[in-house]
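Asker: missing the sequence, but the structure's below:
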């Protein structure tokens, strides 16, 4: 089974908990918004500890190194069958500072032209009510788990 590891960054600035989510870059998601946002995550390298992979992937996709008290959440299975291991961590960052790594893909399809795109084109803070509309539906349990654990 394919696995990826990610971090759910959260903060409490007012009465409500907020979650930091990312929007995938590239042409496929350019015109899509609701239901495509995600926790920053990515596949594990061979023999890599999952938490280390989650921290590395966050830094690659967001451009910020995260440290803190990591709370392990129960894994979820995405629609494609990939298992997502996730840790929540309290922190804060300015979404305007987001700096993502890039990937190459053939675009337009069957054109033979390779183009480079950012892996993540933006990130933002969401309250629970807005997050459950924005995030991939199979990732909603990650938000629910964190709310339950924080009481």
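Answerer: Ah, there it is. As the structure is a prediction and not an experimental result, all values here were calculated from the model.
Asker: Can you show me the strands along this protein?
Answerer: Under the criterion DSSP state E, the chain carries strands at the ranges 3-12, 17-24, 41-43, 71-72, 76-77, 83-90, 102-106, 114-118, 120-127.
Asker: Nearest to residue 151 among the ones you listed would be which one?
Answerer: strand 17-24 (11.0 Å; C-beta to C-beta). The way it works is simple: take the backbone N, C-alpha and C, and place the C-beta from them, glycine included.
Asker: Using JSON lines, please lay out the strands of the chain together with mean pLDDT.
Answerer: Output for the strands of the chain, formatted as JSON lines (pLDDT from 0 to 100):
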{"stretch": "strand 3-12", "mean pLDDT": "97"}
{"stretch": "strand 17-24", "mean pLDDT": "98"}
{"stretch": "strand 41-43", "mean pLDDT": "96"}
{"stretch": "strand 71-72", "mean pLDDT": "98"}
{"stretch": "strand 76-77", "mean pLDDT": "98"}
{"stretch": "strand 83-90", "mean pLDDT": "98"}
{"stretch": "strand 102-106", "mean pLDDT": "95"}
{"stretch": "strand 114-118", "mean pLDDT": "96"}
{"stretch": "strand 120-127", "mean pLDDT": "98"}
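Asker: Please convert those strands to a markdown table, extending it with distance to residue 140 and mean neighbour count.
Answerer: Below are the strands of the chain laid out as a markdown table (distance: least, C-beta to C-beta, whole Å; neighbours: other C-beta atoms under 10 Å):
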| stretch | distance to residue 140 | mean neighbour count |
| --- | --- | --- |
| strand 3-12 | 11 | 21 |
| strand 17-24 | 11 | 22 |
| strand 41-43 | 15 | 17 |
| strand 71-72 | 17 | 15 |
| strand 76-77 | 9 | 14 |
| strand 83-90 | 12 | 20 |
| strand 102-106 | 26 | 11 |
| strand 114-118 | 25 | 14 |
| strand 120-127 | 12 | 18 |
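Asker: any chance of the ones you listed in CSV, with distance to residue 137 too?
Answerer: What follows is the strands of the chain, written out as CSV (distance: least, C-beta to C-beta, whole Å):
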stretch, distance to residue 137
strand 3-12, 15
strand 17-24, 13
strand 41-43, 16
strand 71-72, 22
strand 76-77, 10
strand 83-90, 13
strand 102-106, 24
strand 114-118, 24
strand 120-127, 14
